[in-house]
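Novice: Starting from these lines, generate the structure:
(2 chains)
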Amino acid sequence: MLIVAADRLIAILTLLDKRKRTGREEGRLCAVAAEVTEQSGAGIALLSQGGELTSVCASNKVAQRLMDLEITVGEGPCVDASRSFGAIEEVELLSSASSRWLAYSSSAGSAGARAVFGFPLCIGAICLGALSLYRDRPGPLTDAQASDAYLMASVVARAVLAMQAGAPRDMIADELVREATFDFAVHQAAGMVSVQGTMSVGDALVALRAHAFTTDCTSSALALRIVARDICLDPETREWRDTALHSS
Amino acid sequence: MARETLLISTLVELADNLVDDFDVIDLLTVLSDRCVEAIDVDAAGVMLASPGGELQFVASSSESMRVLELFQIQADEGPCVDCFKDGGVIVNQALEVPDARWPRFTPRAIAHGFRSVHCLPMRLRGRTIGALNLFRTEQGLLDQDDVVVAQGLADVATIAILQHRTSLDARLLNDQLSHALNSRIIIEQAKGNVSQSTSCDVDQAFRRLRMHARNHNLRLTDVARSIVDGTLDANRLDQVVGAKSS
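Specialist: This next block holds a predicted model:
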């Protein structure tokens, strides 16, 4: 666990735990994102293999409408955040000076949002999608809210990765504590596996994570073995092959 | 080279870097290298705090796994965490076991041959954004001049994070920090790719990425991203000439 951010991370995980019985994991993440950042609502959109954004969840009806609108018109905070790998803010959608999104801004305003924010879900060169927040009043996020939004985006990215790797839903909170955000060996290993399996680094990271789950070890421990060339992904069979015994 | 000469040339080198559209990881790596040359320390590195408050390694004078591990542990505990939390300078901290304060960090640091550690905060108008971490293979006191020089270099690193923006606004700073931290992850992904594609170790992979970026006047992060997204083949990276390059 990361000591510096520990109290906020614990707050997020506690909220996630409290909502454990209320529906799908993704819905839980959205509800907690809105609550922890003190915004009116939140949504998560993920990028498909083909690079299309898909709405995954929203914390309420307005957030859902905003997400649907963004997917339909192809512009908005999630689109910009996932393309730029940077945070996006629009503090007054109804301002005439706000011309960032021609189609999105006014419709989002009519739907009940005055300010919207987008945070990319990125892990190095991998972009999984974006977390969006909206508020029914104009104005920027406070420093504390922005800090929590970044932390929440990091939690959502890790949770999405865990889900894509097939982690059992009730274990995701434990995984968030167990897995560090930055583990150089994991990222190096993902780069290596992407070459071994001729796949994107995102798919390689999911494959690594999934294998760690099924063999009940941490990603970090598996990654160190990959970097040491004790195990690799077979390019033909796409299965993991132990090379420790045969290596010279 | 006399230290004064070395310092002046370091400052000129950093200033040169700051003018252009520079790569923050490359610059912080240069800074870490120069710390080792200008001060009586054996390894140096920079950790930055994400806008969400998570401490992460970004650059070091050594890309060896053993040194990276010491920075990685410090996401949780160690001199950087303490320095970051209270913004205070930590100098001449002898490493001895057992160490109740840093039970994970200290034994690993000793196992890797380090005997003392120093940590200087990177502060920007009241906000601590990270720390410069220095390791020595010996105990004994660091010269007071060395501490001043190190803090000066830490301050230069801090300014570098902001790049050429003149005004400090929290949102821009958050952008720069998360950009720098994510760049480091891209570089690790690229190191793995290059290491696998060209059958070299990960340190060598880093040197090749950096050499290629410098030779072609490209940003290190852009080269790394091109490797990861497949637009640049790792086998086409420039070869590193000689055994070691900084």
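
Novice: switch to C-alpha atoms for all contacts and neighbour counts from now on
Specialist: OK.

Novice: so who does the residue nearest to the spatial centre of chain A touch?
Specialist: Closest to where the C-alpha atoms of chain A average out (C-alpha atoms, centre = their mean) is A:Ala157, at 2.3 Å. Residues counted as contacts of A:Ala157 (C-alpha atoms under 8 Å, 6 or more residues apart in numbering or on different chains) are A:121-123, A:128.

Novice: In three-state terms, label the most centrally placed residue in chain B for me.
Specialist: In chain B, the centroid-proximal residue (C-alpha atoms, centre = their mean) is B:Ala59; its distance is 2.2 Å. Classification of B:Ala59 using DSSP: H, G, I helix; E, B strand; the rest coil returns strand.

Novice: Dig out what it forms beta bridges with.
Specialist: Here B:Ala59 sits in beta bridges with B:Val46, as judged by DSSP bridges.

Novice: What are the structural domain limits within the chain?
Specialist: Looking at chain A here, since you left the chain open. Using automatic domain parsing, the domain ranges for chain A come out as A:6-177, A:183-242.

Novice: wrong one, chain B
Specialist: Per the record, chain B has its domains at B:3-164, B:182-236, by automatic domain parsing.

Novice: In JSON lines: these, plus mean pLDDT.
Specialist: JSON lines is the format used below for those (pLDDT from 0 to 100):
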{"stretch": "domain B:3-164", "mean pLDDT": "89"}
{"stretch": "domain B:182-236", "mean pLDDT": "96"}
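
Novice: Briefly note if the biggest helix by length in chain B comes near chain A.
Specialist: For chain B, the helix with the greatest residue count under DSSP state H is helix B:170-198. Yes - using C-alpha under 8 Å from any C-alpha of the partner chain, helix B:170-198 reaches chain A at B:170, B:175, B:178-179, B:182-197.

Novice: helices and strands around that helix, which ones?
Specialist: strand A:115-123, helix A:184-196, helix B:24-38, strand B:43-49, strand B:55-60, helix B:144-161, helix B:202-215, helix B:220-229 (3 or more C-alpha pairs under 8 Å, 6 or more residues apart in numbering or on different chains; DSSP states H and E).

Novice: buried set for the next helix-or-strand element following the shortest one?
Specialist: What it means is strand B:55-60. Scanning forward in sequence from strand B:55-60 by DSSP states H and E, the next helix or strand is helix B:65-73. Within helix B:65-73, the residues scored as buried using 16 or more other C-alpha atoms under 10 Å in any protein chain shown are B:67-73.

Novice: For A:Asp230, give me phi and psi.
Specialist: Dihedral angles of A:Asp230 (phi, psi; degrees, to the nearest 10) stand at phi -90, psi -20.

Novice: burial measure for it, as a count.
Specialist: 17 (other C-alpha atoms under 10 Å in any protein chain shown).

Novice: What residue in chain B is the furthest from its centre?
Specialist: Max distance from the centre of chain B (C-alpha atoms, centre = their mean): B:Pro98, 27.7 Å.

Novice: Which residues are in contact with it?
Specialist: B:Pro107.

Novice: what's the distance between it and B:Ala15?
Specialist: 43 Å (C-alpha to C-alpha, to the nearest Å).

Novice: now do B:Val46
Specialist: Applying C-alpha to C-alpha to B:Val46 and B:Ala15 gives a distance of 18 Å.

Novice: These two - which one has more neighbours?
Specialist: Neighbour count, other C-alpha under 10 Å: between B:Val46 and B:Ala15, B:Val46 has more, with 28 against 13.

Novice: Hmm, B:Asn193 and A:Ser200 touching each other?
Specialist: No - contact status for A:Ser200 versus B:Asn193: not in contact, 10.7 Å apart, counting by C-alpha atoms under 8 Å.

Novice: who touches both of the two?
Specialist: Contacts common to A:Ser200 and B:Asn193, judged by C-alpha under 8 Å, 6+ apart, are A:194, B:228.

Novice: The two: which has the busier surroundings?
Specialist: Neighbour count, other C-alpha under 10 Å: between A:Ser200 and B:Asn193, B:Asn193 has more, with 31 against 19.
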